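Novice: Sequence first, then the predicted structure, then my questions.
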Amino acid sequence: MGGKVICVIVTYNPDLNVLGQLLDRTTPQVHSIVLVDNGDGINVGQWLSLRNSTDVTLLPLGENRGIAQAQNVGIHWARERGADQVLIFDHDSEPPIDLVPRLQDALATLERRGEKIAAVGPRYINSKWRRYITPSPFAKFRYGFISQCFPDGNSPYVPVDFLIASGSLIPIKAFDAIGTMSEELFIDYVDIEWGLRARQAGWSLYGIWDIVMEHSLGDDVVVVFGHIFPVHGHIRHYYVMRNAVWLCRGSKLIRKWKIGIAYNAFRRFIAYSLLMPQPIKHFRFMCLGLWDGARGKMGKL
């Protein structure tokens with residue numbers, strides 16, 4: 001398919017060794033890289049200078065403005081420089097060395113079918129969940145609930161309702177039609193909301209089953225009746241609950257998606273309230289998130 005690919009990497013006080021590996025793997029695959037730094041601790045600019053990363057443009061935000069705004073800053077930068085497609089990464093992803101050409105091939109094949117493709121992306125193995133080493137399946141809403149989905153055996157292209165942003169290849173024309181990320185969410189549900197907004201606008205998203213990358217998601221994991229839940233700190237659990245409520249109350253998503261988001265948030269609330277260290281703290285922050293979501297208090301906590 002070809003086309004100019006610009007990579008947007010969002011960092012927040014990253015592990016510099018992991019970030020260096022990401023840059024090494026990605027640089028040969030794309031036309032340019034813009035690194036949008038959300039952190040206020042680690043001096044990423046100084047590290048880039050010492051590393052002599054002249055092919056990477058750094059856009060420091062000076063503070064944590066949320067992953068959605070950081071992604072939008074990078075997307076705008078890529079659009080201004082004539083990108084045909086944007087490849088998005090978090091700083092803690094480890095893509096394969098042939099990720100971009102394989103995603104571009106998939107995108108071209110799907111577009112030849114006459115579909116409007118919003119995004120294609122790989123499966124991922126959570127690098128922090130070493131005891132759960134099976135790559136993740138993709139997700140789709142069925143009967144109002146979020147369900148795992150798999151290829152049908154004839155094609156590695158799996159139609160989905162959303163993808164994790166990291167590792168996704170997105171045509172600029174999709175952003176032009178659908179819009180960029182919802183900054184009021186700040187963090188959590190950002191990629192889900194964008195994917196559902198794309199689907200509602202008549203665009204398709206596909207997971208590519210035979211492409212797998214490593215990606216760090218959460219600090220740990222809890223398992224409840226066979227269901228795996230990523231575990232974050234209490235602040236992140238605030239955003240999980242707040243944004244779920246806001247999407248169910250304040251967004252224009254269709255009803256079946258809202259049911260699925262609400263059910264998933266309910267399961268997480270129970271799991272995090274019962275199984276987390278310092279459960280009272282997590283319970284309090286999740287309740288605050290539910291309250292703020294119900295009254296429409298969005299943005300940064």
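Specialist: Thanks, I have it. Residues are numbered from 1 along each chain as shown.
Novice: Quick check: which ranges of the stretch 1-150 of the chain have low pLDDT?
Specialist: Counting by pLDDT under 70, the ranges of the stretch 1-150 of the chain that qualify are 1, 127-134.
Novice: for it, what spans make up the helices?
Specialist: Under the criterion DSSP state H, counting those that start in this stretch, helices of the stretch 1-150 of the chain are mapped to 16-26, 44-51, 67-80, 99-112.
Novice: What lies in contact with the third one?
Specialist: The one in question is helix 67-80. Residues outside helix 67-80 that contact it (Cβ atoms under 8 Å, 6 or more residues apart in numbering) are 6, 8-10, 12, 34, 36, 38, 57, 59, 61, 86, 88, 90, 165, 172, 175, 180-187, 190. In short, each C-beta sits where N, CA and C put it, glycine included.
Novice: now with 6 Å?
Specialist: 6, 8, 10, 34, 36, 38, 59, 86, 172, 180-183, 185, 187, 190 (Cβ atoms under 6 Å, 6 or more residues apart in numbering).
Novice: List only those of those flagged as buried.
Specialist: Neighbour counting over these (16 or more other Cβ atoms under 10 Å) leaves 6, 8, 10, 34, 36, 38, 86, 172, 180-183, 185, 187, 190 as the buried ones.
Novice: Take these and keep only those in strands.
Specialist: When the buried ones among the contacts of helix 67-80 are checked against strands (DSSP state E), the matches are 6, 8, 10, 34, 36, 86.
Novice: between the contacts of helix 67-80, which is nearest His282?
Specialist: Distance ranking of those against His282, using Cβ to Cβ, places Ile187 first at 16.5 Å.
Novice: what's around the residue nearest to the closest one when sequence neighbours are not counted, how many residues?
Specialist: Spatial nearest neighbour of Ile187, chain neighbours left out: Ile67 (4.9 Å); criterion: Cβ to Cβ, 6 or more residues apart in numbering. Using other Cβ atoms under 10 Å, Ile67 is surrounded by 24 other residues.
Novice: Looking at the contacts of helix 67-80, which is nearest Ile235?
Specialist: Closest to Ile235 out of the contacts of helix 67-80 is Ile187 (9.3 Å), distances taken as Cβ to Cβ.
Novice: what sits against that closest one?
Specialist: Shown in contact with Ile187 (Cβ under 6 Å, 6+ apart): 66-67, 239.
Novice: now the helix or strand harbouring Ile261, how far from the chain's geometric center?
Specialist: Per DSSP states H and E: Ile261 is located in helix 255-275. Computed by Cα atoms, centre = their mean, to the nearest Å, the chain-centroid distance of helix 255-275 equals 19 Å.
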